[in-house]
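[1] Sequence isn't available, so here's the structure alone:
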C-alpha cells in the first residue's frame, strides 16, 4: 500500500512539473504573440516609416531581452548595408555603421538566406575574415541576425545581440524573423511611396493595410482567444492544455504563411481552397475560440460564381464582421449566410449581441467598418449595416454578378 502511495505521489509531482512547464511556455508564447499583434496594428495604422522602423527595433529588443537591436537596409545596387534604426548602441561608430556586402555578421546572414546565430563574434570561424573592430568596441559578444526580403528582392537585415555570452535558441531566431517579416512590409511600403506619389500608390498601401488588418491580425486575435482559453484550463489535465497550445501554434504557422503571401503578392493561405470551405473554417474558429454558437448557411452554387478577387474580398468582409462580433458584441449566437443567385451573391452576418449606434460606431472605428465599406465599393457591391443598442447587428453585402456571369 505504501509503495502504491509513493508511486502515486511521484506521478502527481511529475504531472505538477509538467503543468508548471506548460504554464510558463503558454505565458511566454502569449506575450510574444501579443507583441507581434500590437506591432501589426501599428504597421497597418501608421504611415510614418521612420517611426515604424524605430518601433520594430525597440520591440524586438524588449521582447527578446537583448542589449541591442539593429536594423540595416541594403542599398539599391546591393553593395552596401547602412544603419536604418537601432536601440541600445553606445558607440558612435556602430550608430553610423555602414558595411560592404561582404563584411560583418549581417552579410553572413544575407549569404545564408536565413538566420545566423553567433555565440562569440570574436572567435567564430565563420567571421574570421570579416572586420570586427567596431563590434569589439561596442562590447558585443553573442548575436543573432536574420535577413528580410519582399517581392523576391533582399531588403536588409535585423540583428539583436548581448554584451555577455548568450546561447540564443532557434525559437528566438524564428521570433526575430517574424519581426523581420513586418519590417519587410514597412520597407516595401516606403519603396512604394518613393516610387509613386500618386493614387495608385495609396491604393496599394491601403490594400496591404486592409489585407493585414482583416486577415493576419484577426487570425492572431483568434489565437489569443485560444491561448486565454488554455490559461483558464490550466487546472485541468495537462494533455488538454497541451492540445490547445499545439493547435494555437499550428494556427500561428498559418498566420506566418499568410504574412509571407501578402509580402510576395500571393492570395491568403486560407483561400487556397474555395470560399465556402474558408467560411466553414472561419465559423468553426469563432465557435471554438469565442464560444459563440455560430453557424454557416450556403444557398445556391458558389462554384465558379466569383472571381478570385471577389472571393478574397467577401471572405475578408466576413472575417472582419465575425471578428467584431467576437470582440465587441458580447453575442451568444451568430449566423453567417451566403446566397448565390444567377445575377448576384449576398453575404449576411447576423448576431444577437448588444448592438451599437451606427453614427457613433463609424466615428469611433479605426479600420474595421471602413475596410468593409472600401472592399464592398471596390467590388461594386452594396453594404448595409443595421444595428441599434440592445438589438444585435445585421450586416448585408449584395454583390451584382451581371458583368461576370
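    Arrived safely. Since the structure is predicted, the reported quantities are computational estimates derived from the model, not experimental observations.
[2] Which stretches in the stretch 101-250 of the chain count as strands?
    For the stretch 101-250 of the chain, the strands defined by DSSP state E, counting those that start in this stretch occupy 116-118, 142-150, 153-162.
[3] Quick one, which of the ones you listed gets closest to residue 79.
    Closest to residue 79 of those is strand 153-162 (Cβ to Cβ; 12.0 Å). Heads up, the C-betas are built off the backbone N, CA and C, glycines and all.
[4] residue ranges for the strands of the stretch 251-400 of the chain, please.
    Using DSSP E, counting those that start in this stretch, strands in the stretch 251-400 of the chain cover 293-299, 333-341, 344-351, 382-387, 393-400.
[5] export those strands to a markdown table and tack on mean pLDDT and mean neighbour count?
    Putting the strands of the stretch 251-400 of the chain into a markdown table (pLDDT from 0 to 100; neighbours: other Cβ atoms under 10 Å) gives the following:
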| stretch | mean pLDDT | mean neighbour count |
| --- | --- | --- |
| strand 293-299 | 94 | 15 |
| strand 333-341 | 95 | 18 |
| strand 344-351 | 95 | 20 |
| strand 382-387 | 93 | 16 |
| strand 393-400 | 95 | 20 |
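[6] Make a markdown table from these and add distance to residue 317 to it.
    Listed next are those as a markdown table, based on distance: least, Cβ to Cβ, whole Å:
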| stretch | distance to residue 317 |
| --- | --- |
| strand 293-299 | 14 |
| strand 333-341 | 11 |
| strand 344-351 | 7 |
| strand 382-387 | 8 |
| strand 393-400 | 6 |
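[7] Tell me which of those strands sits nearest to residue 310.
    Short answer: strand 393-400, nearest of these by Cβ to Cβ, at 6.6 Å.
[8] Between strand 344-351 and that closest one, find me the angle.
    170 degrees (axes from the mean of the first three to the mean of the last three Cα atoms, to 10 degrees).
[9] How much space separates the nearest residue to residue 279 once chain neighbours are set aside from residue 350?
    Nearest residue to residue 279 in three dimensions, chain neighbours excluded: residue 296, at 5.5 Å (Cβ to Cβ, 6 or more residues apart in numbering). Separation of residue 296 from residue 350 (Cβ to Cβ, to the nearest Å): 12 Å.
[10] Residues that sit against both of those two, list them.
    Taking Cβ atoms under 8 Å, 6 or more residues apart in numbering as the criterion, residue 296 and residue 350 both touch residue 337.
[11] picking up where we left off before, for residue 95, which of the strands of the stretch 251-400 of the chain is the nearest?
    Short answer: strand 382-387, nearest of these by Cβ to Cβ, at 49.3 Å.
[12] Tell me how far residue 225 lies from residue 323.
    Residue 225 is 10 Å from residue 323, by Cβ to Cβ.
[13] Among the two, which residue is more densely surrounded?
    Between residue 225 and residue 323, counted using other Cβ atoms under 10 Å, the more crowded position is residue 323 (21 against 18).
[14] can you tell me how far the more buried one sits from residue 109?
    Taken as Cβ to Cβ, the span from residue 323 to residue 109 is 36 Å.
[15] Please read off the pLDDT at the residue nearest to residue 82 when sequence neighbours are not counted from the model.
    Closest residue to residue 82 apart from its sequence neighbours, by Cβ to Cβ, 6+ apart: residue 98 at 4.9 Å. On pLDDT, residue 98 comes in at 89.
[16] contacting residues for residue 98?
    Residue 98 neighbours (Cβ under 8 Å, 6+ apart): 80-83.
[17] Now do the same contact list for the residue nearest to residue 166 when sequence neighbours are not counted.
    Leaving aside its sequence neighbours, residue 166 sits nearest to residue 142 (Cβ to Cβ, 6+ apart; 4.0 Å). With contacts defined as Cβ under 8 Å, 6+ apart, residue 142 is in contact with 118-121, 161-162, 164-168.
[18] Turn those into TSV, including pLDDT and distance to residue 331.
    Below are those laid out as TSV (pLDDT from 0 to 100; distance: Cβ to Cβ, whole Å):
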residue	pLDDT	distance to residue 331
118	94	51
119	94	52
120	92	56
121	91	54
161	96	47
162	97	47
164	95	51
165	95	53
166	95	47
167	93	47
168	95	44
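[19] Just give the number of residues close to residue 289.
    For residue 289, using other Cβ under 10 Å, the count is 21.
[20] any idea how far the closest residue to it other than its chain neighbours is from residue 37?
    Distances taken as Cβ to Cβ, 6+ apart place residue 225 nearest to residue 289, at 4.0 Å, with adjacent residues excluded. Residue 225 sits 12 Å away from residue 37, going by Cβ to Cβ.
[21] can you check residue 351 too?
    To residue 37, residue 351 is 23 Å away according to Cβ to Cβ.
[22] for residue 104, same thing?
    Taken as Cβ to Cβ, the span from residue 104 to residue 37 is 32 Å.
[23] The two: which has the busier surroundings?
    residue 104 (24 against 18).
[24] from what I can see that one touches residue 81, true?
    Yes - at 7.4 Å, residue 104 and residue 81 qualify as touching, with contact defined as Cβ atoms under 8 Å.
[25] Ramachandran angles for residue 236?
    Main-chain torsions, residue 236, degrees, to the nearest 10: phi -90, psi -160.
[26] let's number from 23 now, not from 1
    Yep, numbering from 23; the last one is residue 258 now.
[27] need the contact list for it.
    Residue 258 touches nothing, counting by Cβ under 8 Å, 6+ apart.
[28] What of residue 370?
    So residue 370 contacts 357-361, 416-419 (Cβ under 8 Å, 6+ apart).
[29] One more: residue 54?
    With Cβ under 8 Å, 6+ apart, residue 54 has these contacts: 85, 197.
[30] could you redo the last one with a cut-off of 10 Å?
    85-86, 193-194, 197, 200, 274 (Cβ atoms under 10 Å, 6 or more residues apart in numbering).
[31] Same question for residue 420.
    Residues near residue 420 by Cβ under 10 Å, 6+ apart: 361, 363, 366-370, 398, 403-406.
[32] could the residues you listed be laid out in a markdown table, adding distance to residue 329?
    Shown next, in a markdown table, are those (distance: Cβ to Cβ, whole Å):
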| residue | distance to residue 329 |
| --- | --- |
| 361 | 18 |
| 363 | 16 |
| 366 | 14 |
| 367 | 11 |
| 368 | 17 |
| 369 | 15 |
| 370 | 21 |
| 398 | 15 |
| 403 | 13 |
| 404 | 18 |
| 405 | 18 |
| 406 | 22 |
